[in-house]
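>>> Here is my input; please provide its structure:
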Amino acid sequence: ANTGSAHGTNYVLAGNIYSRRDYGTYWIEPTAGFSYTHADFGSGAAAIGLDDGDALRLQAGVRIGRDWVSADDRLWGISFLTAVYSNVLVNGFVASGAGGADTTLESDEGKVRVLGQLRAKVTVREGVSYYGQAEVRGGADYIGVGGKVGLRYEW
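Okay, here's the model as predicted:
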């Protein structure tokens, strides 16, 4: 078994394009985007069987939502995103396993996955907004769930 340690740094370049269209009490927002990641595991990586890696993900979907102002002047918003995505290019990210077997993210290359995401946000007058988000991802041989909450202050 390989033992040791390595320092890992991910460099990410990502972008999305979208266009929101209002339909009275709700809005629809078609979206498309990309994410390119380069993982650099540093000089100690080879000793434990790690290779640097690159991945390019493409995605497209649609977000549907509703925004409103409550009686206490808070801006509320809720939306649901459904999307498809695929890691269209994956190189590296190899970790040597037991018995010389390699584990690689390249086995994920080209597989189409789906994403469902529910987001709620409230903005108060003082420039503070709070949000919560839950998501489910899945596809061939894969399922994942996650969530996050956050706070933002604008001045």
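
>>> Only C-alpha atoms from now on, for both contacts and neighbour counts.
Fine.

>>> Roughly how far does the most centrally placed residue in the chain sit from Y26?
Centrality entry for the chain: nearest residue to the mean C-alpha point is S35, 8.8 Å, by C-alpha atoms, centre = their mean. The span separating S35 from Y26 equals 28 Å under the rule C-alpha to C-alpha, to the nearest Å.

>>> And for G127?
Here the criterion is C-alpha to C-alpha. By it, G127 lies 24 Å from Y26.

>>> Show me the beta-bridge partners of G92.
G53 (DSSP bridges).

>>> er, R113 I mean
For R113, the beta-bridge partners are Y85, G139 (DSSP bridges).

>>> looking at it, W27 is touching R21, isn't it?
Yes - proximity of W27 to R21 meets the contact threshold set by C-alpha atoms under 8 Å, at 5.5 Å.

>>> ok, those two, which is more surrounded?
Neighbour totals were compared for W27 and R21, and W27 leads with 15 against 12 (other C-alpha atoms under 10 Å).

>>> quick one, what contacts the more buried one?
With contact taken as C-alpha atoms under 8 Å, 6 or more residues apart in numbering, W27 is in contact with 20-21, 64-66.

>>> the bottom helix or strand of the chain by mean pLDDT?
Across the helices and strands of the chain, mean confidence by mean pLDDT, DSSP states H and E is lowest for strand 102-103: a mean of 49.

>>> Pop out the phi and psi values for the residue lying farthest from the centre of the chain.
With distances taken as C-alpha atoms, centre = their mean, the residue sitting farthest from the centre of the chain turns out to be A71, at 34.1 Å. Comment: the main-chain dihedrals of A71 come out as phi -60, psi -30, following degrees, to the nearest 10.
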